[in-house]
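Asks: following is a predicted model, sequence given first.
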Protein chains: 4
Amino acid sequence: MGGNSLGRVFTVSSFGESHGKCVGAIIDSPPSGLRIDRQHISLYLKRRMMGYGSTGRKEPEDFEILSGVFRDHTTGAPLLLLIWNRDVDSSFYESIKSKPRPGHADYVARIRYGGWNDYRGGGRFSGRITAGFVAAGSVALQLLKKIGIRIYAYSKSIGPVSTEATPREEFLKSVYENPLRTIPSDSYDSMCNIIERAKQSGDSVGGVVECWIFGLPVGIGDPVFHSLDSDIAYANMCIPGIKGVEFGLGFQCTRMLGSEFNDSPIIKDNKVIYETSKSGGILGGISTGAPIYFRLAVRPTPSIYLPQRTVDLEKMAEAELKLEGRFDTCIVPRVVPVVECVTAIVLVDHLMYQGFIPQVLKEV
Amino acid sequence: MGGNSLGRVFTVSSFGESHGKCVGAIIDSPPSGLRIDRQHISLYLKRRMMGYGSTGRKEPEDFEILSGVFRDHTTGAPLLLLIWNRDVDSSFYESIKSKPRPGHADYVARIRYGGWNDYRGGGRFSGRITAGFVAAGSVALQLLKKIGIRIYAYSKSIGPVSTEATPREEFLKSVYENPLRTIPSDSYDSMCNIIERAKQSGDSVGGVVECWIFGLPVGIGDPVFHSLDSDIAYANMCIPGIKGVEFGLGFQCTRMLGSEFNDSPIIKDNKVIYETSKSGGILGGISTGAPIYFRLAVRPTPSIYLPQRTVDLEKMAEAELKLEGRFDTCIVPRVVPVVECVTAIVLVDHLMYQGFIPQVLKEV
Amino acid sequence: MGGNSLGRVFTVSSFGESHGKCVGAIIDSPPSGLRIDRQHISLYLKRRMMGYGSTGRKEPEDFEILSGVFRDHTTGAPLLLLIWNRDVDSSFYESIKSKPRPGHADYVARIRYGGWNDYRGGGRFSGRITAGFVAAGSVALQLLKKIGIRIYAYSKSIGPVSTEATPREEFLKSVYENPLRTIPSDSYDSMCNIIERAKQSGDSVGGVVECWIFGLPVGIGDPVFHSLDSDIAYANMCIPGIKGVEFGLGFQCTRMLGSEFNDSPIIKDNKVIYETSKSGGILGGISTGAPIYFRLAVRPTPSIYLPQRTVDLEKMAEAELKLEGRFDTCIVPRVVPVVECVTAIVLVDHLMYQGFIPQVLKEV
Amino acid sequence: MGGNSLGRVFTVSSFGESHGKCVGAIIDSPPSGLRIDRQHISLYLKRRMMGYGSTGRKEPEDFEILSGVFRDHTTGAPLLLLIWNRDVDSSFYESIKSKPRPGHADYVARIRYGGWNDYRGGGRFSGRITAGFVAAGSVALQLLKKIGIRIYAYSKSIGPVSTEATPREEFLKSVYENPLRTIPSDSYDSMCNIIERAKQSGDSVGGVVECWIFGLPVGIGDPVFHSLDSDIAYANMCIPGIKGVEFGLGFQCTRMLGSEFNDSPIIKDNKVIYETSKSGGILGGISTGAPIYFRLAVRPTPSIYLPQRTVDLEKMAEAELKLEGRFDTCIVPRVVPVVECVTAIVLVDHLMYQGFIPQVLKEV
């Protein structure tokens, strides 16, 4: 398998470049018989575009479903989702072609591909690539909704300011109602301020996204490889800008005793359940039926307005670089829907693999 | 591909159970012409067995190479590495069959496999599975050594005590000289004390393992999926007990400004290099040529001697469970060689994929 | 991996339906630095459309490269090749929706996908799907040309009439100069007559395509699975309408003695070569350096003008069906370029896998 | 995925060499809850060893199940099947090391692996490799039996003599009762005579194996790639010595008219069925519910007692080679069970992929 696909049976292949004609994804293949809600795809593409701290382009994405849907339902054939890029001015990228942007993949991509890569706007390494993940993930979310599985991400922290509010489902449901995509808390204003201050100084900030999964049945995942946490970690680490992932109490558990950290099953309503979810709702790579949650470290946007040191590859000399364009001061709120989508893809892949989602949803 | 394989061209498939006949791995396939150093495999299997805080079995593992090696060199055919299990008494596991151990996969495995899984000693979910990773990883390490790539892991923290010493290669080289598998620092005694105290109270502790890679050329990895950090994160998350992973400054970067965190290229000896490695030596999923480093959260051992709450699945009632046997108070030092091995597998896979390691090492 | 991809490192994923918006393929991923000759793609798409016995649409295909090419060269990112379908009238297919066409997949597809499949023009099962193979295969052929590997297919027989002329490379080079896509022989007129007669009676005919590969080095392929002949057979069997494949003397070898059939190496110009190629230029799944050749059985076109027996799925009664539209009397000449393209994809995949084609063709 | 695995979800990985320690296979992974019948595995291993025209070793194979089975049932973990090789004298192979055997892969393997391959007894290229296929295939056959799917192969022809008897299931059931593994017919004695005559002259003969599948439901397979016929063709072409495959009427259909060859559905007992199976029970890559059948061309055994021409690679001169050892005059009867097993693996893989075989067969 080439380097641009994810999943075993619900396989999502990514394509496209930032300043090329399009970005997108192929799903090979969704079950047949799913009614495709195009509004949902549009909504998620829009959510990916916006958020507090982003440059806030307003026009909706121009997406098309080019194969795999007939009479508004999936056919079971490969589903091609394509988002057209708008005409963009790439001239600035020509001017800095020989000056790799700090924190970006410009230089390593040049080496990796012998200089043939499309460097405009970061090309294949751009965050724009995630529009394809989101389109495919919207389809996955639509599938999960039918079987009662809910995924919610939110901005847990912006720079050094974190919300410690409890992420109850009722709050998580409404994170898109605020531009920070966070849950109600006293920290809201401070989080905004962090972004404002960075913006004013031409700098950028990062943060933490936390994601919760409700309704996943017990018993999903494989031991060893394709353990559910490994697959979720993998897919989310593929989102540009993610530098770390932790499940449940995560790194905090390394400072706890076994007796404090172990999740124990209990009996409730004559059923075995895990009430605690300190390990994140996954034991041995397999879901326990408790809510699954994990956190992702989102780096500060590498593109900033401050002058930076770099090298001039033509002159083989050190150089200063001052970037021009519209950059997000903070991508954390924009990462929120991408995390939901990528996680949905992983869940659908596992659920199809184990037969929890059949290949034919229903007969016509 | 089934759920028990890792890698695209240097594919490692895991098999075996804790109290079954054996554990092991197949590599499909190493390049032909590698002289196999059996001592190295033995050494790594031994390293995996021991370490401060472990129960310290002394007998060497009984491993065999069953295919793929002829006249002491790899043939290019699948390399089957098998480690025989010793006769072990599984009777205790029979006695607690209906009482899932807290923090273990006993209950979820039962649901996942309809009750058919081998539950003795945790079966497929046991840490013993990593003996197969280590055997395969030793082969990967031998390959990497030939091209000058070095991987070193060490115990960065035990419970709340962390070493802040600089992990210079000269120190990393000698971590196996101390049973904590850590680098020299003032924290050594405190780290040991944490383990001792937990041991005395019948409890367990976790910690953090940090891993460094030196000598990897610039340009290894793919954007989007199969990015180098995603693949390293994935493989290490597959080690039982790992709850988080972070590259470079990791979660700390979320509290930094872009201007502080960006790695800039510089010119040194007329070559472009990255001197800083704040993002962990990987940008856009591709190696920068700077040292790569990442940290893993290792949970406290789930098996402890203290009585714990669980359920009795036969009586469908809550129950107390007191485990018997020999348990590691802390697995952090034992995880150290496993991390090196798993990481080596990922690197060889990428290096073969990109042609940096040829399919035939040399002609006879 | 989903069901619509071919290859391990040069992975071609197919998408599209006959009467949908488009058909096409993604290559994940070609080496970077290949100059893409769009004329070559157009030429092969045109060759796939025409040929003696076909309905002979004249307008060129409307294809686009949507990603993976920048400044006319491959970037090393996924290459998306898309061929727009023309507006076609699907009303006839609505009228026969409940009457599965004999020899077609109409009924089995309905069952397979629960009735959700796009049945118009055969949908995903249409020969039109091969336009995507051809576009991807053209890229593969362009790669092979750079390293001196040539692939030629030709119409070996039409119905019962076969050419026994020797397929020398000089003749094979010019098969596209005649509409039968065959080599010069006395059988030419008889082969045409077979098609003419079938056409006049509203019927169809099949035939045999033979394919030759020159210039492939010795040592390409793997034993057991991914043997070169298995992979070539597999990919060609995926072309709609192929019912059999044989290498070298094929089924004829079953009537020979071992002493007659064995290929022996000889010394020529102080080099070891195989002069004979009775086994088709492949031994043990690995190329011998001799020309590789194989034959494919192409079934008579299932769509014919004669009335046929079928069932009416709504009335659950037997029914007569008379097809309307433009059908190829014989698809053999149209299969010729598809075989070349599909075979080229397999060869490039093996050559990249073994490192004979590097991931970066040259530096900029 | 490396070059030694077959299948998407019921993945069979092959390992071992002819004169190494063992051969075998890993299945990753069978559904849990299948009672493993070791007698069935032994029976099929024995069937693979014997047959008219073979050298007829009598001792049963020494096989072990090393993982994935607990209390006689599959656990859902990787199932490792290993067949120990007996001590064999490899000295003859040392003596002919520089003289590639005609019709064998000796020379091409040497080039492929840079001379590191295990050449003893053909190493990885030996027919002995199929013992691993058979062990894994026996497990697949046991799975298929539970859902009423039957696979039968038989010797259709030996050299130029073919049986034209109708392969009714009642006859197919008993092919192992005769050493030719064929169905009752007048040709029996002639077929035996062909083998006898070749044996007396120190030569070898080939033949045709035909395989029938009964009971497969309609709707199994994918269009385009992973079409059922392509996957069956692929897996069977991987058996050493197979030079061609054809489904249904196969190459004969190329001489027929569309009106003669098309399979039409009919109504029987108020159900839609395909009574004819001219295309071999598969349309568009998907099963029609009619019996599936195909034929394989088995080459004459390459190892013969007659002196043959070859080259001496050390002297770089042409040379004569006279092989010593025990060779099968005809491998056709021994291929029969291998075809059944390999085909069973493909069917189980498709049935699991489409959910017709669940991942858990039943609860304990």
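Replies: Yes, it's here.

Asks: ok, residue A:148 - how many residues close by?
Replies: Using other CB atoms under 10 Å in any protein chain shown, residue A:148 is surrounded by 10 other residues. The way it works is simple: take the backbone N, C-alpha and C, and place the C-beta from them, glycine included.

Asks: secondary structure class for it?
Replies: Counting by DSSP: H, G, I helix; E, B strand; the rest coil, the backbone at residue A:148 sits in coil.

Asks: equivalent analysis for residue A:218, please.
Replies: Under three-state DSSP, residue A:218 comes out as coil.

Asks: can you tell me the closest non-neighbouring residue to it?
Replies: Excluding the flanking residues, the one nearest residue A:218 by CB to CB, 6 or more residues apart in numbering or on different chains is residue A:289, at 3.6 Å.

Asks: against residue A:270, how distant is that neighbour?
Replies: 15 Å (CB to CB, to the nearest Å).

Asks: chain B versus the residue nearest to residue A:55 when sequence neighbours are not counted, what's the distance?
Replies: Counting by CB to CB, 6+ apart, residue A:326 is the residue found nearest to residue A:55 once chain neighbours are left out, at 4.0 Å. Look at residue A:326 and chain B: by CB to the nearest CB, to the nearest Å, they are 15 Å apart.

Asks: pretty sure residue A:326 contacts residue A:89?
Replies: No - using CB atoms under 8 Å, residue A:326 makes no contact with residue A:89, being 11.3 Å away.

Asks: now do the SS call for the residue of the stretch 201-350 of chain A found nearest chain C.
Replies: Residue nearest to chain C within the stretch 201-350 of chain A: residue A:349 (10.3 Å; CB to the nearest CB). Under the three-state scheme (three-state DSSP), residue A:349 adopts helix.

Asks: for it, give me its contacts.
Replies: For residue A:349, the contact set (CB atoms under 8 Å, 6 or more residues apart in numbering or on different chains) comprises A:6, A:7, A:8, A:9, A:10, A:11, A:231.

Asks: just these: which are in strands?
Replies: Using DSSP state E, A:6, A:11 are the members of the contacts of residue A:349 that sit in strands.

Asks: what about stretch A:70-85, near chain C?
Replies: Yes - for stretch A:70-85, a contact with chain C is found by CB under 8 Å from any CB of the partner chain, at A:70, A:73, A:74, A:75, A:76, A:77, A:78, A:80, A:82.

Asks: which of the residues you listed are close to chain D?
Replies: Applying CB under 8 Å from any CB to the residues of stretch A:70-85 next to chain C, those adjacent to chain D are residue A:77.

Asks: what is the nearest of the residues of stretch A:70-85 next to chain C to chain B?
Replies: Nearest member of the residues of stretch A:70-85 next to chain C to chain B, counting by CB to the nearest CB, is residue A:82, at 16.2 Å.

Asks: and the helix or strand hosting that closest one, what's its mean pLDDT?
Replies: Under the criterion of DSSP states H and E, residue A:82 resides in strand A:79-84. The pLDDT scores in strand A:79-84 average 98.

Asks: near chain B at all, it?
Replies: No - using CB under 8 Å from any CB, strand A:79-84 stays clear of chain B, with a minimum separation of 15.1 Å.

Asks: could I get the CA-only coordinates of the helix or strand of chain A with the lowest mean pLDDT as PDB?
Replies: The weakest-scoring helix or strand in chain A, judged by mean pLDDT, DSSP states H and E, is helix A:91-95 (a mean of 86). Only the C-alpha atoms of helix A:91-95 are listed here, as PDB (Å, rounded to 0.1, in the frame of the first residue of the first chain):
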ATOM      1  CA  SER A  91       3.900  34.100  -6.400                       C
ATOM      2  CA  PHE A  92       5.000  34.600  -2.800                       C
ATOM      3  CA  TYR A  93       6.100  31.000  -2.700                       C
ATOM      4  CA  GLU A  94       8.100  31.400  -5.800                       C
ATOM      5  CA  SER A  95       9.900  34.300  -4.200                       C
END
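
Asks: following that helix, which helix or strand comes up?
Replies: helix A:106-112.

Asks: which other helices and strands does that next one contact?
Replies: Here helix A:106-112 touches strand B:286-287, going by 3 or more CB pairs under 8 Å, 6 or more residues apart in numbering or on different chains; DSSP states H and E.

Asks: what pairs with the strand it packs on, parallel or antiparallel?
Replies: strand B:282-283 (antiparallel) (DSSP bridges).

Asks: chain center to the strand it pairs with: distance?
Replies: On the basis of CA atoms, centre = their mean, to the nearest Å, strand B:282-283 sits 22 Å off its chain's mean C-alpha point.

Asks: what sits up against stretch A:260-278?
Replies: Residues contacting stretch A:260-278 (CB under 8 Å, 6+ apart): A:248-249, A:253, A:279, A:281, A:283, A:288-293, B:100, B:102-103, B:107, B:206, B:299-300, B:302, B:304, B:308-311, B:313, B:316-318.

Asks: typo on my end, it should be stretch A:252-259
Replies: By CB under 8 Å, 6+ apart, stretch A:252-259 touches A:249, A:261, A:278-279, B:103, B:157, B:159-160, B:198, B:203-208, B:243, B:297-304, B:306, B:308.

Asks: out of these, which are inside strands?
Replies: B:157, B:207, B:208, B:243, B:297, B:298, B:308.

Asks: my guess is residue A:44 contacts residue A:336. True?
Replies: No - applying CB under 8 Å, one finds residue A:44 not in contact with residue A:336, separated by 10.7 Å.

Asks: of these two, which one has the most company?
Replies: residue A:336 (28 against 25).

Asks: buried residues in the host helix or strand of the more buried one?
Replies: Element membership for residue A:336 (DSSP H and E) is helix A:332-353. Within helix A:332-353, the residues scored as buried using 16 or more other CB atoms under 10 Å in any protein chain shown are A:332-353.

Asks: about what we covered before: same list, the ones in strands among the contacts of stretch A:252-259, but as CSV with pLDDT, distance to chain C and neighbour count please.
Replies: Below are the ones in strands among the contacts of stretch A:252-259 laid out as CSV (pLDDT from 0 to 100; distance: CB to the nearest CB, whole Å; neighbours: other CB atoms under 10 Å in any protein chain shown):
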residue, pLDDT, distance to chain C, neighbour count
B:157, 98, 39, 26
B:207, 98, 38, 31
B:208, 98, 36, 23
B:243, 98, 30, 27
B:297, 98, 32, 27
B:298, 98, 33, 32
B:308, 96, 43, 21
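
Asks: just the buried residues of the contacts of stretch A:252-259.
Replies: A:249, A:261, A:278-279, B:103, B:157, B:159, B:198, B:203-208, B:243, B:297-304, B:308.

Asks: quick one: residues in contact with stretch A:223-232.
Replies: By CB under 8 Å, 6+ apart, stretch A:223-232 touches A:8, A:220-222, A:245, A:247, A:280, A:282, A:284-287, A:292, A:294, A:343, A:346, A:349-350, B:3-6, B:14, B:105, B:109, B:124-125, B:129, B:234-235, B:237-238, B:243, D:77.

Asks: in stretch A:98-115, what counts as buried?
Replies: Going by 16+ other CB under 10 Å, stretch A:98-115 has these buried residues: A:99-115.

Asks: find the closest residue to chain D in the stretch 251-364 of chain A.
Replies: Taking CB to the nearest CB, the stretch 251-364 of chain A has residue A:355 as its residue nearest chain D, at 4.9 Å.

Asks: run a quick neighbour tally on that residue.
Replies: 17.

Asks: helix or strand for the spatially closest residue to it that is not a sequence neighbour, which one?
Replies: Setting aside the residues directly before and after it, residue A:355 is nearest to residue D:355 in space (CB to CB, 6+ apart), at 4.9 Å. Following DSSP H and E, one finds residue D:355 outside all helices and strands.

Asks: what sits against residue D:355?
Replies: A:355, A:358, A:359.

Asks: CSV for the residues you listed, including pLDDT?
Replies: Converted to CSV, the contacts of residue D:355 look like this (pLDDT from 0 to 100):
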residue, pLDDT
A:355, 94
A:358, 95
A:359, 93
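
Asks: nearest to residue A:144 among the residues you listed?
Replies: residue A:358 (14.2 Å; CB to CB).

Asks: all good on my end, thank you.
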